[in-house]
Structure formats: structure tokens, C-alpha cells
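In: whatever this is, show me its structure:
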Amino acid sequence: MRPDNPDAAVRRGAARIAEVRLEKGITQDSMAEALGCATKNYQRIEYGQNVTVRMPARIANVLGVTVTKLVPPPEAPHHRPLNGRLRRLTAKRSAETA
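Out: Numbers count the residues shown, from 1 in each chain. Got it, this is the predicted structure:
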């Protein structure tokens with residue numbers, strides 16, 4: 001197994017957090033409230049910024065999943081198409097709320 005690029009790992013984790021949140025129909029505002037932070041701070045997490053070591057565990061608890069579900073290893077078959085799936089989920093949520 002090759003070493004993982006830390007920036008790539010953070011990007012995968014951030015995209016996966018957003019994907020799981022959307023799958024569960026949870027808004028960024030609701031996540032921020034559940035985590036006790038400002039919405040802007042939560043949005044930074046989904047953009048791969050401002051992530052502490054403890055935050056993935058707190059997010060996983062709110063979403064009812066494990067940390068490993070949020071931060072897949074580099075070999076995970078689903079890590080590459082996350083951006084496409086995230087766009088489809090976002091469009092689906094937007095259509096459902098319209």
C-alpha cells in the first residue's frame with residue numbers, strides 16, 4: 001500500500017462527509033447546530049478546511065456512521081466518483097425541495 005497524500009485524504013473525507021449528509025437529508029445548518037458550531041465553520045469542513053483530529057468522530061456520531069465510512073482509504077472503489085455522485089445528490093435534493 002502506498003502512502004496516502006494528506007491533502008487527498010482530507011479532500012476524500014470532506015467529499016464523503018457531504019455525500020453522507022446529503023444521503024441522510026440533513027442540511028449544513030442542522031449539522032452545524034448538532035456539532036455546536038457556526039454554519040460557516042461546518043461548510044469549511046466540507047470544503048476540507050478547518051478539520052481537527054476530533055471532528056470526523058463528532059460528525060460520524062451525528063450522521064450515525066463510523067469514521068471509516070467517512071474517510072475511505074485511497075484504494076476504495078468509490079472514492080474517485082465522489083464529486084459526480086455529490087453533484088447528483090445535490091441536484092436530487094434541490095429537485096425534491098423545489
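In: in the chain, which helix or strand is least confident?
Out: None of the helices or strands of the chain scores lower by mean pLDDT, DSSP states H and E than helix 82-97, at a mean of 70.
In: elements contacting the longest helix along the chain?
Out: Of all the segments of type helix in the chain, defined by DSSP state H, the longest one is helix 6-23. Identification of packing neighbours for helix 6-23 by 3 or more CB pairs under 8 Å, 6 or more residues apart in numbering; DSSP states H and E yields helix 39-46, helix 55-63, helix 67-70, helix 82-97. All C-beta spots, glycine's among them, are computed from the backbone N, C-alpha and C.
In: quick one, that helix and helix 55-63 angle?
Out: 10 degrees (axes from the mean of the first three to the mean of the last three CA atoms, to 10 degrees).
In: low pLDDT regions in the chain?
Out: Per-residue confidence of the chain (counting by pLDDT under 70) places the weak regions at 1-4, 72-86, 98.
In: make it 80
Out: Counting by pLDDT under 80, the chain shows low-confidence ranges at 1-6, 8-9, 50-54, 71-98.
In: want to throw the helices and strands packed on helix 6-23 into TSV with distance to residue 16?
Out: Compiled in TSV, the helices and strands packed on helix 6-23 are given as follows (distance: least, CB to CB, whole Å):
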stretch	distance to residue 16
helix 39-46	10
helix 55-63	10
helix 67-70	5
helix 82-97	6
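In: which one of the ones you listed lies closest to residue 11?
Out: When the helices and strands packed on helix 6-23 are compared by CB to CB, helix 82-97 sits nearest residue 11, at 8.9 Å.
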